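S.K.: Quick one, structure for this:
(one chain, ligands or ions: 1)
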Amino acid sequence: MTHDLSRSGFETRAIHAGQEPDPRTGAVIVPIYQTSTYAQDGVGGTREGDYEYSRTANPTRTALEQALASLEGARHGLAFASGMAATDAVLRTVLRPGDHLVLGNDAYGGTFRLIDKVLKNWGVSYGVADLSNVDEVRAAVRPETKLIWCETPSNPLLGIADLAVLAEIAHGAGARLVVDNTFATPYLQTPLALGADIVVHSTTKYLGGHSDVVGGAVLTNEDELREQLFFLRNSAGAVPGPFDAWLTLRGLKTLAVRMDRHCDNAEQIAEMLSAHPKVAEVYYPGLTAHSGHDVAAKQMRRFGGMISFRHADGRQAALDTASRTELFILAESLGGIESLIEHPGQMTHASVAGSMLQVPADLLRLSVGIEDVRDLSEDLRAALG
Ligand SMILES: *Cc1c(COP(=O)(O)O)cnc(C)c1O
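M.R.: Numbering: from 1, shown residues only. Okay, here's the model as predicted:
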């Protein structure tokens, strides 16, 4: 019997949506359907459901897609092989030669690279704007603008954009608003409910949550767009394998409890850094001094686990700090249970050097994990000197 989850809370849907016990064996956990193909009852007739080949569909992936859609409050979810594959699918589905998009001035480096180095060759142009500045966004929109691509909180400067306002601007211009919701996760923010048309995720980060799998997802309420995205994914083939889908689904189950601890720890680390003499500036939307704090408080449940800060003694001191931490592992990526530190200028954001998206050289980014916050704080203080 399937329980109606439409009025269930987030934590319940994370554990049950799309994840009914296996009808054949009663397995409580969705099995890893490690198969490429499916027996058919006759030529052209598939058994139970519509599985014929795993590039097109796989039951473990379907479970993940239903769970993700439920958490984002979306009618449709599609899982991809990576966050960039999901991003690529949205861009190539919505945009045609001659179209234009508006991109945030601190967009994820890989998204910028795809737009600037790949899409440009296909005749798509873009403009860059500070998405927290409504006038700048309005000025960047052109008659041929089809998309506004937004990250909030953004990466790595934790800028906050007002999603309801951006949706209004996009729709007024006949464009769609896409939100890369990787940093916030649906536990902290649901962009579709605020007027966004498409949500994109790198499930590699908080949704998977354990730094052991790469994946992506697209969520939308539009039926036709879902068909177009499905067609492109099946044509191009950027699908996650069954085990990757299973790992992500397993991660999702604990998203709410993990996010609460990420937020608890990040709030305390941000306070500690704000008072530290070696820290020039802290970027964390949970701080009342953050310029986007009020908008973040309005559209987010809490403020997330990502913090960036500038070292008071400049670039070399920042690099030294990043190589001195012991619990904060020096590594790219984010959103796992373990704490990470990185230097965006030379690591995650090296691809935007020299562009309008360049980041400060003395900037360090933290992905605050769910370890004991006293240990994390001590580690950072020792590394800062
Ligand atoms: C990591 C990331 C991506 C890209 O996702 P992959 O899974 O690495 O392909 C896109 N957007 C944001 C905000 C990210 O952090």
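S.K.: Low-confidence stretches in the chain?
M.R.: In the prediction, the chain carries residues with pLDDT under 70 at positions 1-2, 45-49.
S.K.: what about the strands in it?
M.R.: If DSSP state E is used as the criterion, the strands of the chain fall at 40-42, 45-46, 76-80, 100-104, 125-129, 145-151, 176-180, 198-202, 216-220, 279-283, 306-311, 329-330, 340-342, 363-367.
S.K.: so which of those strands comes closest to the ligand?
M.R.: In terms of CB to the nearest ligand atom, the element of the strands of the chain nearest to the ligand is strand 198-202, at 3.0 Å. (C-beta placed from N, C-alpha, C; glycine too.)
S.K.: what does that closest one rub up against?
M.R.: 68, 72, 74, 82-84, 86-87, 90, 94, 176-182, 186, 191-192, 207, 215-220, 222, 225 (CB atoms under 8 Å, 6 or more residues apart in numbering).
S.K.: in that strand, what's buried?
M.R.: Going by neighbour count (16 or more other CB atoms under 10 Å), the buried part of strand 198-202 is 198-202.
S.K.: Let's have those in a markdown table, adding distance to the ligand.
M.R.: Formatted as a markdown table, the buried residues of strand 198-202 follow (distance: CB to the nearest ligand atom, whole Å):
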| residue | distance to the ligand |
| --- | --- |
| Ile198 | 13 |
| Val199 | 12 |
| Val200 | 7 |
| His201 | 8 |
| Ser202 | 3 |
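S.K.: Indicate the residue of the stretch 1-150 of the chain located nearest to the ligand.
M.R.: Nearest to the ligand, among the residues of the stretch 1-150 of the chain, is Gly83, at 2.2 Å (CB to the nearest ligand atom).
S.K.: contacting residues for that residue?
M.R.: 110, 180, 182, 200-205, 214-216.
S.K.: hang on, the earlier thing: please identify which pair of the buried residues of strand 198-202 lies farthest apart.
M.R.: Greatest spatial distance among the buried residues of strand 198-202 (CB to CB): Ile198 and Ser202, at 14.4 Å.
S.K.: coming back round to it: of the contacts of Gly83, closest to Thr325?
M.R.: Lowest distance from Thr325 to the contacts of Gly83 (CB to CB) belongs to Lys205, with 19.9 Å.
S.K.: Distance-wise, check that closest one relative to the ligand.
M.R.: Distance, Lys205 to the ligand, by CB to the nearest ligand atom, to the nearest Å: 6 Å.
S.K.: And the contacts of strand 198-202, which of them are buried?
M.R.: Buried among the contacts of strand 198-202 (16+ other CB under 10 Å): 68, 72, 74, 82-84, 86-87, 90, 94, 176-182, 186, 191-192, 207, 215-220, 225.
S.K.: What ranges does the stretch 51-200 of the chain have for its helices?
M.R.: Along the stretch 51-200 of the chain, counting by DSSP state H, counting those that start in this stretch, helices occupy 59-72, 83-94, 109-113, 134-140, 163-172, 185-188.
S.K.: most tightly surrounded among those helices?
M.R.: helix 185-188 (a mean of 26; mean count of other CB atoms under 10 Å).
S.K.: how about the CA coordinates for that one, as CSV?
M.R.: The C-alpha trace of helix 185-188 is given here as CSV (Å, rounded to 0.1, in the frame of the first residue of the first chain):
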residue,chain,number,x,y,z
THR,A,185,19.3,22.4,-0.8
PRO,A,186,15.5,22.0,-0.8
TYR,A,187,15.6,21.7,3.0
LEU,A,188,16.6,25.3,3.3
